[in-house]
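> predicted coordinates and the sequence they were generated for:
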Amino acid sequence: MCSYIVEKAALRGSAKGPSGWMRIDTANVYYDHPYHAPMDHALAIDFVCEADGARERVAVEISRESALELIERIKAALASGDAAHGAAQACERVSVAATQSEVASLF
Amino acid sequence: MSYPGIICETVSFQGHNNDKSEAYYARPSKQGRVGGVVLIHHLPGWDEWSIETARKIAHHGYACISPNLYFRDGPGSHDDIGARVRAAGGVSDNQVVGDVAGSIAYLRAQPNSNGKIGLIGFCSGGRHVYLVACQLGNIDAAVDCWGGNVIVDDKTQLNAKRPVAPIDLTAKMTAPLLGLFGNDDANPTADQVNRTEAKLKELGKTYEFHRYDKAGHAFFNYARGDAYRAEATADGWKKVFAFYGKHLGGAA
């Protein structure tokens, strides 16, 4: 089917397009006929910056199964990243505390 | 045996609001007057398949103009522009009707015109064909290829750009209508096609609908391997050119 249905996600970040890196503030997400991917329907995401006029985009077209897998991998990456960074931050805190202790012990 | 020659070029015409619009124009190179066809591209935009299809129609003896309905959102590649238009909720029905009216005026102003005008549209363009055939009274043959949203069951889908379901304008349709549909299509569904046909029948309109099994949306489109159905496509084009031969004259 062809539809105008678009889910818009507000976001903050950057994407690399044909002209190099650009800031982005929106992801337009839709499930419809792809332009390039060799399949009848694809989950498409266009990363754009509406604040800059949305004249450029970074586009992906992936299968439904790929999209669902990607969702899970994003969640997993965030979870493991949070765990790792949380440990690192705790480590930094310990390290800083130790250093301060060490420094304090010198006086 | 020889093949007829065609001449193709990109042209300007006066579109909606007298905007200077662009279109692809393909016509037979032979002398003489021929029927004209406005090709209304599908939702993804004014892509290579649309242009190739315009050449096919010219090859079969008609002067075919394919307006770029998204030119106002350019410049850029057709897929980037199509994505831009989609994100903005599509083009308005009024604007499309204006651009098609301008395309018709362009065709009728050409020295090769026999005065007859046909339409053909695919996907959202099929819906536009139905809409234009109801809103403009000067169409001689309209071909709707799997136009979705002719019937709008969920009225919340109507908005400022698409305020009316085309089915509700059917009483105003004056052109003979040919409809081609895949029975596996999700938009329009087989049930919606049946209901559209029932409305045309109820109002005494001139129409012929053809439905194809094991075909879904966009089954003419060889650029989409999963959707393309060779046999249905061959039969569908036969139906289209027989319809044009009957109503536009001068078929090759």
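Sure thing, it's come through. Numbers count the residues shown, from 1 in each chain, chains lettered A, B, ... in the order given.
> quick check: pLDDT value at residue A:33.
With respect to pLDDT, residue A:33 has a value of 86.
> swap that for residue B:81, please
Predicted confidence (pLDDT) for residue B:81: 95.
> that one should be in a helix, yeah?
Yes - when the secondary structure is assigned by DSSP: H, G, I helix; E, B strand; the rest coil, residue B:81 falls within a helix.
> so it touches residue B:43, yeah?
No - taking contacts as CB atoms under 8 Å, residue B:81 lies outside contact range of residue B:43: 11.9 Å. The way it works is simple: take the backbone N, C-alpha and C, and place the C-beta from them, glycine included.
> between these two, which is the more surrounded one?
residue B:43 (24 against 21; other CB atoms under 10 Å in any protein chain shown).
> tell me the contacts of that one?
Neighbour list for residue B:43: A:2-4, A:32-33, B:82, B:86, B:90, B:123-125 [criterion: CB atoms under 8 Å, 6 or more residues apart in numbering or on different chains].
> so can I have JSON lines of the residues you listed showing secondary structure, neighbour count and distance to residue A:25?
Shown next, in JSON lines, are these (DSSP: H, G, I helix; E, B strand; the rest coil; neighbours: other CB atoms under 10 Å in any protein chain shown; distance: CB to CB, whole Å):
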{"residue": "A:2", "secondary structure": "coil", "neighbour count": "25", "distance to residue A:25": "27"}
{"residue": "A:3", "secondary structure": "coil", "neighbour count": "19", "distance to residue A:25": "24"}
{"residue": "A:4", "secondary structure": "coil", "neighbour count": "20", "distance to residue A:25": "21"}
{"residue": "A:32", "secondary structure": "strand", "neighbour count": "21", "distance to residue A:25": "23"}
{"residue": "A:33", "secondary structure": "coil", "neighbour count": "25", "distance to residue A:25": "26"}
{"residue": "B:82", "secondary structure": "helix", "neighbour count": "21", "distance to residue A:25": "21"}
{"residue": "B:86", "secondary structure": "helix", "neighbour count": "23", "distance to residue A:25": "18"}
{"residue": "B:90", "secondary structure": "coil", "neighbour count": "21", "distance to residue A:25": "22"}
{"residue": "B:123", "secondary structure": "coil", "neighbour count": "25", "distance to residue A:25": "30"}
{"residue": "B:124", "secondary structure": "helix", "neighbour count": "26", "distance to residue A:25": "28"}
{"residue": "B:125", "secondary structure": "helix", "neighbour count": "27", "distance to residue A:25": "32"}
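> from these, which is closest to residue B:8?
residue B:125 (19.5 Å; CB to CB).
> tally of neighbours for the nearest residue to that closest one once chain neighbours are set aside?
On the basis of CB to CB, 6 or more residues apart in numbering or on different chains, the spatially nearest residue to residue B:125 that is not a chain neighbour turns out to be residue B:40, at 3.5 Å. The burial metric for residue B:40, expressed as a neighbour count using other CB under 10 Å, is 29.
> hang on, the earlier thing: TSV for the contacts of residue B:43, including distance to residue B:211?
Formatted as TSV, the contacts of residue B:43 follow (distance: CB to CB, whole Å):
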residue	distance to residue B:211
A:2	19
A:3	21
A:4	25
A:32	23
A:33	21
B:82	28
B:86	28
B:90	27
B:123	17
B:124	20
B:125	19
